[in-house]
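J.: Give the three-dimensional model of this entry:
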Amino acid sequence: MAGFPSAQQERLDAVLADQPEGWPIWRKSRFADADAWCIDGSNMRVLRDGTVKIASSPGSDRGVQLNLDEVDRPVAFANPLSQPDFEPKYTFDLGSDASVRAVLQQFEGWLRPLRAQFALGAQVIEREGSLKAGVYHVSHKNTLLAVIDLNEWRAGMSPTARPVDFDDAVWEKRPDMASSPPERFVRCSLTQLMWTYAQRTGRDVLPARYRAGMIYFRRSPRVALRLLQDSHLLVLRELSSAPGTFDTLLQRTGLSPAKLGRHLASLYFAGSITSSRGRAARDGVAVREEAELGAQPVRGEMPHSPIGPDSRFTQRYDPIGPSDLTAPAPLQFE
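T.: Take a look at the predicted model:
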């Protein structure tokens with residue numbers, strides 16, 4: 001939310017917390033981290049260069065300035081608008097629950113690919129004990145929803161797939177030659193898919209050994225830079241400096257147990273952390289996968305599951321260069 005005084009923010013919070021059963025759950029977050037934005041239309045103005053400036057108000061965060069042509073998420077403005085000639089795609093009436101819910105439905109349509117990634121990530125978690133290396137076609141009522149390639153750690157998803165379709169989907173193992181999804185499918189890495197799920201699920205998907213034993217930095221996460229929050233970088237910085245347990249990381253980072261668990265789960269699926277000292281980065285350099293060198297998986301490190309970066313089916317990576325803590329972690333992005 002941007003530009004709303006505290007009373008109006010509380011009004012939006014109340015509507016978000018009172019969604020009909022079966023609807024996606026929304027929660028307030030930092031403006032930069034949000035999947036969608038709601039802006040006080042009476043507290044904004046369009047500048048000469050076309051950017052939109054939203055002033056701060058009592059009880060709100062500091063003001064922001066947006067170039068709507070470059071925004072990669074849905075944005076809705078609460079009426080009335082300070083400039084009647086400004087015509088945003090989404091508007092709503094803050095005084096009407098029905099109007100707020102209607103714009104949330106529009107947000108959900110815009111975010112359908114992301115929601116579908118979340119739903120598919122949940123299914124991968126459910127099947128982690130039975131999935132083996134190879135190619136899988138995921139279908140619902142004879143319609144192909146996704147192609148999962150566990151050899152190359154990538155996926156392709158139908159742009160029309162609905163999150164609910166994955167609940168009753170059929171997974172069929174196919175020959176490796178069937179790994180190419182149709183041209184119109186949206187491609188993504190399985191790392192991105194599992195990151196999306198781990199960051200948003202209310203379930204605890206961090207393996208138990210990461211709450212009980214030592215955690216080591218392994219390498220930088222191979223996800224888009226925009227997916228990394230400051231708190232991710234904080235965790236990476238601490239672990240690159242010295243390994244630690246879950247409890248000591250709570251003290252070193254100041255994060256809540258829930259947030260630290262969620263971030264560690266995301267970093268686990270991105271292959272950035274390990275519970276094995278032998279697989280940790282050495283002197284700031286991430287080592288090659290043991291699987292690439294012919295070694296057997298470390299005992300207790302999910303040897304038969306393709307979804308964990310500590311498994312023998314994980315993607316392979318080249319070493320990262322010398323440590324540089326100014327980022328503030330030794331990060332390298334594709």
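J.: what are the ranges of the strands in the protein?
T.: 37-40, 44-46, 52-54, 64-66, 75-78, 90-92, 135-140, 143-149, 154-157, 170-174, 186-189, 216-217, 273-274 (DSSP state E).
J.: Tabulate these (TSV), appending mean pLDDT and distance to residue 260.
T.: Where C-beta positions appear, they are placed from N, C-alpha and C, glycine not excepted. Output for the strands of the chain, formatted as TSV (pLDDT from 0 to 100; distance: least, C-beta to C-beta, whole Å):
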stretch	mean pLDDT	distance to residue 260
strand 37-40	94	26
strand 44-46	91	36
strand 52-54	92	31
strand 64-66	89	28
strand 75-78	96	30
strand 90-92	96	34
strand 135-140	96	32
strand 143-149	96	29
strand 154-157	94	27
strand 170-174	95	32
strand 186-189	90	24
strand 216-217	96	15
strand 273-274	95	12
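J.: and among these, the most buried is which?
T.: strand 273-274 (a mean of 27; mean count of other C-beta atoms under 10 Å).
J.: Sheet partners, orientation included, of it?
T.: strand 216-217 (antiparallel) (DSSP bridges).
J.: what's in contact with the partner strand?
T.: 236, 239-240, 243, 272-277, 279-281, 329 (C-beta atoms under 8 Å, 6 or more residues apart in numbering).
J.: again, only using 6 Å
T.: With C-beta atoms under 6 Å, 6 or more residues apart in numbering as the test, strand 216-217 has contacts from 239, 240, 243, 274, 280, 281.
J.: can you tell which of the strands of the chain is closest to residue 164?
T.: Judged by C-beta to C-beta, the one of these that comes nearest to residue 164 is strand 135-140, at 9.1 Å.
J.: which secondary structure elements does that closest one contact?
T.: strand 143-149, strand 170-174 (3 or more C-beta pairs under 6 Å, 6 or more residues apart in numbering; DSSP states H and E).
J.: dump the residue contacts of residue 172.
T.: Residue 172 neighbours (C-beta under 6 Å, 6+ apart): residue 137.
J.: could you measure it against residue 116, distance?
T.: 19 Å (C-beta to C-beta, to the nearest Å).
J.: Equivalent analysis for residue 241, please.
T.: Counting by C-beta to C-beta - residue 241 and residue 116 are separated by 38 Å.
J.: Map the structural domains onto the sequence of the protein.
T.: As assigned by automatic domain parsing, the chain contains the domains 6-110, 113-189, 204-334.
J.: Could you point out which of the ones you listed sits nearest residue 196?
T.: With C-beta to C-beta, the closest approach to residue 196 among the domains of the chain belongs to domain 113-189: 4.6 Å.
J.: All good on my end, thank you.
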